[in-house]
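Trainee: Pasting a predicted model and its sequence here:
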Amino acid sequence: MDSSTSSLVSRLGAGSGVDMVKLASDLAEARYATQIARLEGRNETLEARISAATQLRSQFSQLASALGERIRTGDLSPRPAIGNASVATVSVAPGGNPRGSYSLEVTQLARGQMLALAGPANAADPVGEGTLTLRFPADPARDPVAVTITASDTLAQVAGKITAANAGVTAYVANGSNGPELVLKGGEGAANAFEIDASGTIGNLGWTQAGDTGQLRQSAQDAAFLLDTVAMTSPTNRVTGLPEAIRLDLRATNIGAPTTISFADRSDQVTAVMGDLVAALNDIAGQIRELGDPRSGDLGADPGLRALRSAFAGLSGVEVMPNAPPGAPRTLGDLGLSLNRDGTFRLDGARLQRTLSENADGAAAMFTTGLYGIFATVDRMARTASAAGDPGSLAGSAARYSAQLSRNEDALEKIADQQEKLRERMTREFVAADRRVASSNSTLSFLRAQVELWTARSQ
């Protein structure tokens, strides 16, 4: 449009001497300059607010994530020690925080049933045909599993079919001094004991407890042990569901010689992590103070920042362990977290040491990844700040500012369209006016020439 219009003006001779294309463009730009400047200025403010809210929310989320990781894998993780390492290995499930010591006496290991059934004298010969049905008498709710044996199946093929049936029984062929034998092994625990019904011409591969004549090489049984003298059982040697989320991997028996499981005092580690937590909280508190400044802060009147500031102000008094027994520490204030007047935090070392000396186990119990504790409290605050659907959260503020920014961008696009239409219209009108001026100038020049000619003739 610009090049064609310029060409048109050039052909008309630009009778007025004015660049009509530039004039139209300048006027159209001036017409909307104030609106555009206002919207662009508003967009800069919105972008700064979005960035500030997003960064502050992200910083808090990173704190929660780092705290959780440190509790799970760092110095605060309960580190068990066992007097006789050959008896068992000890670990703690996430969320657990065992304290003190426990006695462990393993009286029986869990094991699976094992059978050895005689096969043909030649392992390559077919075993016959029929159906082997695996039954589990100790577990009535468990369905029998049928395995079809064809006339051409060898002992090795029978073993493969039993394993492939996924009934919890595996099989293989052992070529020992008594010839080929079909060895079958069930899973750990008494409930996995099995019997085999055989039909057709493979009766020698059937087995029942009552009819055993030496094929049973190992009976299925549960693990049995005493934890603090309390008798317990487990279907496997991997024992879970114990108090304080303790987990055991049983390895050997120690009948009559209990060993001790103990968990070390973590007071020094608690002190260290509280110092780190206070420093991290102060980093965020500093951002809150800077961004929330009513005159210079990008989030001076933001509801999400106000909510976070309020949460910080009450953090030391939040009851993070509502399930703690009487007399045990319940709040971050009990661990020495104290609020300064300017909204920052300090660590009251004397308060922390008093708590550790009076109830070190209770203090350590607050550092868990379970439903309660310091991590759950900080994580809950971070999730609240990140809830985009909550207009009173930082994420909600960022979403609101983003929506406003989008509307402003739409308005700028609309203004740009209106500006272009105005420029085109004014260009057409100015070109037409310039053409009329050019025509008038041509007529005036002709008349002047005629007057001069007439004047010359009359002299």
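Mentor: Arrived safely.

Trainee: What segments of the stretch 151-300 of the chain are strands?
Mentor: 169-176, 179-188, 195-200, 216-218, 223-227, 230-234, 238-239, 246-250, 259-263 (DSSP state E, counting those that start in this stretch).

Trainee: Same list, those strands, but as JSON lines with mean neighbour count please.
Mentor: (Each C-beta comes from the backbone N, C-alpha and C, glycine too.) Listed next are these as JSON lines, based on neighbours: other CB atoms under 10 Å:
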{"stretch": "strand 169-176", "mean neighbour count": "16"}
{"stretch": "strand 179-188", "mean neighbour count": "20"}
{"stretch": "strand 195-200", "mean neighbour count": "18"}
{"stretch": "strand 216-218", "mean neighbour count": "14"}
{"stretch": "strand 223-227", "mean neighbour count": "20"}
{"stretch": "strand 230-234", "mean neighbour count": "14"}
{"stretch": "strand 238-239", "mean neighbour count": "18"}
{"stretch": "strand 246-250", "mean neighbour count": "19"}
{"stretch": "strand 259-263", "mean neighbour count": "17"}
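
Trainee: Any chance of JSON lines for these, columns mean pLDDT and distance to Ala64?
Mentor: Formatted as JSON lines, the strands of the stretch 151-300 of the chain follow (pLDDT from 0 to 100; distance: least, CB to CB, whole Å):
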{"stretch": "strand 169-176", "mean pLDDT": "96", "distance to Ala64": "45"}
{"stretch": "strand 179-188", "mean pLDDT": "96", "distance to Ala64": "39"}
{"stretch": "strand 195-200", "mean pLDDT": "96", "distance to Ala64": "54"}
{"stretch": "strand 216-218", "mean pLDDT": "97", "distance to Ala64": "50"}
{"stretch": "strand 223-227", "mean pLDDT": "98", "distance to Ala64": "34"}
{"stretch": "strand 230-234", "mean pLDDT": "97", "distance to Ala64": "35"}
{"stretch": "strand 238-239", "mean pLDDT": "97", "distance to Ala64": "31"}
{"stretch": "strand 246-250", "mean pLDDT": "96", "distance to Ala64": "26"}
{"stretch": "strand 259-263", "mean pLDDT": "93", "distance to Ala64": "26"}
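
Trainee: so which of the ones you listed comes closest to Glu429?
Mentor: Nearest to Glu429, of all these, is strand 246-250, at 86.1 Å by CB to CB.

Trainee: tell me the angle the closest one makes with strand 230-234.
Mentor: Angle of strand 246-250 versus strand 230-234, following axes from the mean of the first three to the mean of the last three CA atoms, to 10 degrees, is 70 degrees.

Trainee: Who are the packing partners of strand 246-250?
Mentor: Judged by 3 or more CB pairs under 8 Å, 6 or more residues apart in numbering; DSSP states H and E, the packing partners of strand 246-250 are strand 88-92, strand 100-108, strand 223-227, strand 238-239.

Trainee: Just checking: what are the partner strands of the third one?
Mentor: The one in question is strand 223-227. strand 100-108 (antiparallel), strand 230-234 (antiparallel) (DSSP bridges).

Trainee: Put the alpha carbons of that strand into PDB.
Mentor: Output of strand 223-227 as PDB, limited to C-alpha atoms (Å, rounded to 0.1, in the frame of the first residue of the first chain):
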ATOM      1  CA  ALA A 223       9.000 -66.700  58.900                       C
ATOM      2  CA  ALA A 224       8.700 -66.500  62.700                       C
ATOM      3  CA  PHE A 225      10.500 -64.100  65.000                       C
ATOM      4  CA  LEU A 226      10.200 -62.100  68.300                       C
ATOM      5  CA  LEU A 227      10.400 -58.300  68.200                       C
END
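
Trainee: How far does that strand sit from its chain's centre?
Mentor: Here the centre of strand 223-227 is set off from its chain's centre by 37 Å, with CA atoms, centre = their mean, to the nearest Å.

Trainee: Same check on stretch 332-343?
Mentor: Worked out by CA atoms, centre = their mean, stretch 332-343 lies 29 Å from the chain centre.

Trainee: and if you look at stretch 144-161?
Mentor: 47 Å.

Trainee: Would you mind measuring the gap between the ends of it?
Mentor: Stretch 144-161 has its terminal residues 15 Å apart, counting by CA to CA, to the nearest Å.

Trainee: contact partners of it?
Mentor: Identification of contacts with stretch 144-161 by CB atoms under 8 Å, 6 or more residues apart in numbering yields 119-120, 123-136, 162, 165, 167, 171-173, 180, 182-183, 197, 200, 202, 205.

Trainee: can you pull the buried residues of it?
Mentor: Within stretch 144-161, the residues that qualify as buried by neighbour count (16 or more other CB atoms under 10 Å) are Val145, Val147, Ile149, Asp153, Thr154, Leu155, Ala156, Val158, Ala159, Lys161.

Trainee: what sits up against stretch 223-232?
Mentor: Here stretch 223-232 has contacts from 102-110, 188, 233-237, 239, 242-243, 248, 250, 258, using CB under 8 Å, 6+ apart.

Trainee: Of these, grab the buried ones for PyMOL.
Mentor: Command for PyMOL, covering only those of the contacts of stretch 223-232 found buried under the criterion 16+ other CB under 10 Å:
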select buried, resi 102+104+105+106+109+110+188+234+235+236+237+239+242+248+250+258
